[in-house]
Structures are given as structure tokens and as C-alpha cells.
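# Need the 3D shape of this:
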Amino acid sequence: MGKKNFLRNHFIYHDYFARLKAISISLFKWNGLPETCNERFLEECLFRYGQAGFLEDEFMSYLNTKIIPSSELNVYEEPTAFTCFSVGYNRYKQKDECVWIRNNYLAKATETTTMIYAERLARIDLSYDVNIQAQKTPILIHCDDKTKNSLENIYKQYSGDAPVIYVHKSMQEKPLEVLNTNAPFVADKLREEKANVWNDYLEFLGVNTNPSDKKKERLIISEVESNNEEVEIQGQTMLICRQKACEEINKLFGLNVSVEYRLDTLQKLKGEVNNGTVHDRTP
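Presented below is the predicted three-dimensional model:
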């Protein structure tokens, strides 16, 4: 049971992490990237490492790669040279030979925050399942070592919705002592908290979930506007750095690259928030 529960908990966490990551790396649409570049890998690098590189290779044309600063800092505490690399690829480039694309001004990855939210969602989900199960079997059974294994097997059949459970007649020799735990039903509150955590992550990405998830609170206009501004600022921290990188790419290489929020993704997420399905986990 212990190993099975561990694996189940592990799968639930990674399921949520994958879903949150898929949202994060799909939010931005890069326009005008050369055919030799890869938008998915670009956003993957920004998500995982907080930074990416753009360069022109003498043999492979324009590329977007992983990147690490590889020099002393200038007066503004920014690197003056970089190592651009990927699988089977490694180039050392000066600042005027490549573009340093940052996920935000701190060049910090989105992955760490996503891991935190995925863990929160997984814990809520596990608590939800435990609470639902507690409504089905809200009891503790007092027994000795001789009957423990037999009772565990019976419980497995019971929790598995077996239509008929067969027991040995020796089970009647000693009455069972049963304690009802009277577990409270809090699954509805857990679902509400899960929605709040999910929406909080979306707002971290700049997706405005207001007022659909807060409509029952009847927020006044000033509170709504304040929340909208906060969400917009959080989203701008990533968009601004990407737009700045586009300006540098176009200036250095004479291209016409731009970036914007992927509106269809935003609209889909807001629609799912409105109907309350965005945070549900598929069994």
C-alpha cells in the first residue's frame, strides 16, 4: 500500500506540473522567427532556465539555444559574452554577436514557481480523496495481530466495492471494536481552495481570472481595478523582456521578430475559469 500510495502521489504531482507547464510555455506567440528557429524550445528554455540565446550560425543560419553568461560583468552588472549551447552544439559569442533573452528582468525560471503550485494542487487533491474516502469508511477498528491481516483483506474488498465479502467463521468468535471517526465533509471547501490556487497561478502568468472566480464576493470597482493592475504587472514582467529581446534581434540581425500574448490561449483559459473546469483533474 505504501509504495502504491507513493507512486500515486508522484503521478498526481507530475500531472499537475505538466498541465501548468503546458499553459506557461503556450502563453506567448513569437512572430517572424526564422524557419531554423523553434518557438517551443525557446519557451522551454525560458521556462526551465530563465534565459535563452539567439544567434546566427555560419553553417546552420539563425538558432535559438540555451545560454549561460561566460564573462566578467560590465558597469551595469551584465555579462559581455555568452556560451550558446544545445545537444551537440556549443559556441562562445560576444554580446554584439548574440542576443540574451531573459524570462524576466531577474532571468529567473518559471519552473520553480510552477513546482510550488503543482505541489499545492497535488496536496489538495490528495486531501480531497482522503476526505471522500472518509465519508465511505469513517471508522477505526480495534483488533489484535492475529486478525489484522484478515481485516485488511476485507477492507480492500470493501473499498473496492466488492458485491459480496466472504469471511471465515472464526471472525465471529471475538466481537470487533469499532470507533466512528465522524470525519467532517470538507471536499467542497477543498475544491474551492484548489480553484483559488489554480487561478492564483494563472494570475502569476498574467491571466486575469477576475471577477469570475470572485463574483460571489461582490468586489467593489476599486478592488477589481486594483486586482487587474496587479495581474497585468505580473504578466508584463515576462512580456517586456521578450519584447526587448525582439528589438535587439531585429537591430542586430535585420529581422522582423515580434512577440505577443497568444490571445486564443488566454480566451480559452478565461472560459474554463468561468465554467469552473480549468482545475479539474482527469482521473
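
# State the distance from the nearest residue to Ile12 once chain neighbours are set aside to Asp145.
Distances taken as CB to CB, 6 or more residues apart in numbering put Ala122 closest to Ile12, at 4.7 Å, once the chain neighbours are dropped. The way it works is simple: take the backbone N, C-alpha and C, and place the C-beta from them, glycine included. From Ala122 across to Asp145, the span is 34 Å (CB to CB, to the nearest Å).

# Between these two, which is the more surrounded one?
Set Ala122 next to Asp145 and count neighbours by other CB atoms under 10 Å: Ala122 wins out with 20 against 6.

# ok, now which ones touch Val99?
The contact partners of Val99, by CB atoms under 8 Å, 6 or more residues apart in numbering, come to Gly53, Phe54, Leu55, Ala245, Glu248, Ile249, Leu252.

# List the buried residues for stretch 93-113?
93, 95, 98-104, 107, 109-111 (16 or more other CB atoms under 10 Å).

# Now the two most distant members of these.
Pairwise distances across those peak at 25.9 Å for Lys95 and Glu111 (criterion: CB to CB).

# Could you check how far Glu193 is from Tyr13?
Glu193 is 17 Å from Tyr13, by CB to CB.

# Break down the chain into its strands, ranges please.
Along the chain, counting by DSSP state E, strands occupy 28-31, 51-57, 61-69, 81-86, 89-94, 98-102, 139-142, 177-180, 258-261.

# so what does the fifth one touch, helix or strand wise?
It stands for strand 89-94. strand 51-57, strand 61-69, strand 81-86 (3 or more CB pairs under 8 Å, 6 or more residues apart in numbering; DSSP states H and E).

# List the contacts of the first one.
Contact with strand 51-57 is made by 37, 42, 45-46, 62-68, 82, 84, 91, 93, 97-103, 107, 245, 249, 253, as judged by CB under 8 Å, 6+ apart.

# more neighbours, Glu193 and Tyr13?
Counting neighbours by other CB under 10 Å for Glu193 and for Tyr13 shows that Tyr13 has the greater number, 19 against 16.

# Need the distance between the two termini of stretch 130-148.
22 Å (CA to CA, to the nearest Å).

# Sorry, wrong one. I was asking about stretch 46-57.
Counting by CA to CA, you get 21 Å between the two ends of stretch 46-57.

# So for it, what gets flagged as buried?
So, applying 16+ other CB under 10 Å, buried residues of stretch 46-57: Leu46, Phe47, Arg48, Tyr49, Gly50, Gln51, Ala52, Gly53, Phe54, Leu55, Glu56.

# ok, the third one - contacts?
Looking back up the chat, that one is Arg48. Ala109, Glu111.

# And it, what's its pLDDT?
With respect to pLDDT, Arg48 has a value of 98.

# From Lys148, how far out is it?
From Arg48 to Lys148 the distance is 47 Å (CB to CB).

# got it, and the last one?
Counting by CB to CB, the gap between Glu56 and Lys148 amounts to 70 Å.

# same check, this time on the first one
Going from Leu46 to Lys148 by CB to CB gives 53 Å.
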